[in-house]
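S.K.: One predicted model, sequence on top.
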Amino acid sequence: MSDFKQRLKEHSTLVSQMATLEERGVIEEAIALLCSALSCGLPVLICGNGGSASDALHISGELVGTFLRERKALNVICLNANVSVLTAWTNDYEFDSVFSRQVEAHGQSGGVCWGISTSGNSQNVVRAMQVAQKLGLQTLGLTGQGGGKMAQCCDILIDVPSTVTPRIQELHLLLYHYICEEIEARLC
């Protein structure tokens, strides 16, 4: 079997294992949570590092822009997108609080803080989630298997069934595209 065919087989197995997320009800809970906040105009704050930062940007682009339907913009802010805040804060203070500082600035009770981390152990994402909870935001985590440290500070945890970073990221894409599609369908 070629390497590519082997990879496709691996993907197929992982994708079929994601059915357990639906059985646990966490995907529906996440969609309902996000729809509830967005329908009230409350912010959804998303953050991540590296590939997860790219995913956070992708999600915010789909929800502020459009996914499949023409509609009004949704109140979604990607916390890793503001280069001036990122560089100023991390230069003057520290990287571990760069997202939590922005949660303080933009968070509103009833809003959502959505953290993305393949390991679930990104300290700056964990701290953002902790501050969000203190401010009355709901917290949603998108991680790899087990959730890492983020599992302790998530109201809803979607942990995909892998511990391999590229596979986790690929599964995350399937999930958040589905979530974006459902949000758009339900709010429009």
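M.R.: Perfect, thanks for sending it.
S.K.: can you give me the helices for this protein?
M.R.: Using DSSP state H, the helices found in the chain span residues 3-17, 19-24, 26-39, 51-64, 83-92, 98-106, 123-134, 165-187.
S.K.: Residues in contact with the second one: which ones?
M.R.: Applying C-beta atoms under 8 Å, 6 or more residues apart in numbering, the external contacts of helix 19-24 come out as 27-28, 158, 160-161, 175. C-beta here means a position set from N, CA and C on the backbone, and glycine is covered the same way.
S.K.: Pipe the residues you listed into CSV and attach neighbour count, pLDDT and distance to Ala73 per row.
M.R.: Listed next are these as CSV, based on neighbours: other C-beta atoms under 10 Å; pLDDT from 0 to 100; distance: C-beta to C-beta, whole Å:
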residue, neighbour count, pLDDT, distance to Ala73
Ile27, 18, 97, 24
Glu28, 13, 98, 24
Ile158, 24, 98, 24
Val160, 24, 98, 28
Pro161, 19, 96, 34
Leu175, 18, 97, 22
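S.K.: which of those lies closest to Asn124?
M.R.: Closest approach to Asn124 among these (C-beta to C-beta): Ile158, at 19.5 Å.
S.K.: possible to save the contacts of helix 19-24 as JSON lines with distance to Thr143?
M.R.: Shown next, in JSON lines, are the contacts of helix 19-24 (distance: C-beta to C-beta, whole Å):
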{"residue": "Ile27", "distance to Thr143": "14"}
{"residue": "Glu28", "distance to Thr143": "18"}
{"residue": "Ile158", "distance to Thr143": "7"}
{"residue": "Val160", "distance to Thr143": "7"}
{"residue": "Pro161", "distance to Thr143": "11"}
{"residue": "Leu175", "distance to Thr143": "11"}
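S.K.: For those, which two are the farthest from each other?
M.R.: Spanning the widest gap among the contacts of helix 19-24 are Glu28 and Pro161, at 17.8 Å by C-beta to C-beta.
S.K.: List the buried residues for stretch 132-143?
M.R.: Using 16 or more other C-beta atoms under 10 Å as the test for burial, stretch 132-143 gives 132-133, 137-143.
S.K.: Could I get those residues in JSON lines, plus columns for pLDDT and distance to Trp89?
M.R.: JSON lines is the format used below for the buried residues of stretch 132-143 (pLDDT from 0 to 100; distance: C-beta to C-beta, whole Å):
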{"residue": "Ala132", "pLDDT": "98", "distance to Trp89": "17"}
{"residue": "Gln133", "pLDDT": "98", "distance to Trp89": "21"}
{"residue": "Leu137", "pLDDT": "98", "distance to Trp89": "20"}
{"residue": "Gln138", "pLDDT": "98", "distance to Trp89": "24"}
{"residue": "Thr139", "pLDDT": "98", "distance to Trp89": "21"}
{"residue": "Leu140", "pLDDT": "98", "distance to Trp89": "23"}
{"residue": "Gly141", "pLDDT": "98", "distance to Trp89": "22"}
{"residue": "Leu142", "pLDDT": "98", "distance to Trp89": "23"}
{"residue": "Thr143", "pLDDT": "98", "distance to Trp89": "24"}
